[in-house]
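**Student:** Give the three-dimensional model of this entry:
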Amino acid sequence: MTSDIWSSSTKEDYISVVPHYVSADWELQKKVVSFRLIEVSHSSENIAEKIAGVVEEFGLIDKIFVVTLDNASANSRAYDILQPVFFGYMGSYPVPKRDDPHKVSTCPSVLCLLYH
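**Tutor:** Numbering: from 1, shown residues only. Prediction:
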């Protein structure tokens, strides 16, 4: 699952939630299940609440294996909040820590930061 927040030219912020999956024919698929106005601050708690709400609404909570967010600090904390909810069904699962080399920044966000 991926999620991101965009700011429009009219200064409105939108959050998207996009599950990615493999079809019965073994083809990679993705669906935008949410693209909603986010009218609250981009705190980690608000981001986690919005994503969790969409995931619950679409019955995806026990289907998430990987979460990709950009490298904003609020997203890192939002991931920490969401992790026990999304991955709890898997049992004892090693969670990457902030300094873990397996927890990486997403390339588009890094490129965007370099561009600006």
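
**Student:** Phe58: what's its closest spatial neighbour, skipping adjacent residues?
**Tutor:** In space, Phe58 comes closest to Val33 once its chain neighbours are excluded; the distance is 5.1 Å by C-beta to C-beta, 6 or more residues apart in numbering. In short, each C-beta sits where N, CA and C put it, glycine included.

**Student:** Look at the one you found and say how many residues are nearby.
**Tutor:** For Val33, the count of nearby residues is 15 (other C-beta atoms under 10 Å).

**Student:** per-residue pLDDT, it?
**Tutor:** In the predicted model, Val33 carries a pLDDT score of 94.

**Student:** and the residue located most distally from the centre of the chain, helix, strand or coil?
**Tutor:** When each C-alpha in the chain is compared with the mean C-alpha position (C-alpha atoms, centre = their mean), Asp25 comes out farthest, at 25.7 Å. Reducing the assignment to helix, strand or coil with DSSP: H, G, I helix; E, B strand; the rest coil, the entry for Asp25 is coil.

**Student:** Give the full set of residues in contact with it.
**Tutor:** By C-beta atoms under 8 Å, 6 or more residues apart in numbering, no residues touch Asp25.

**Student:** related to what we said a few turns ago, distance check, the residue nearest to Phe58 against Lys11.
**Tutor:** 25 Å (C-beta to C-beta, to the nearest Å).

**Student:** sorry, back to before: local confidence estimate at the residue farthest from the centre of the chain?
**Tutor:** Looking at Asp25, its pLDDT stands at 96.

**Student:** any idea how far Val18 is from it?
**Tutor:** Separation of Asp25 from Val18 (C-beta to C-beta) stands at 20 Å.

**Student:** go on, Lys30?
**Tutor:** The separation that Lys30 has from Val18, given C-beta to C-beta, amounts to 5 Å.
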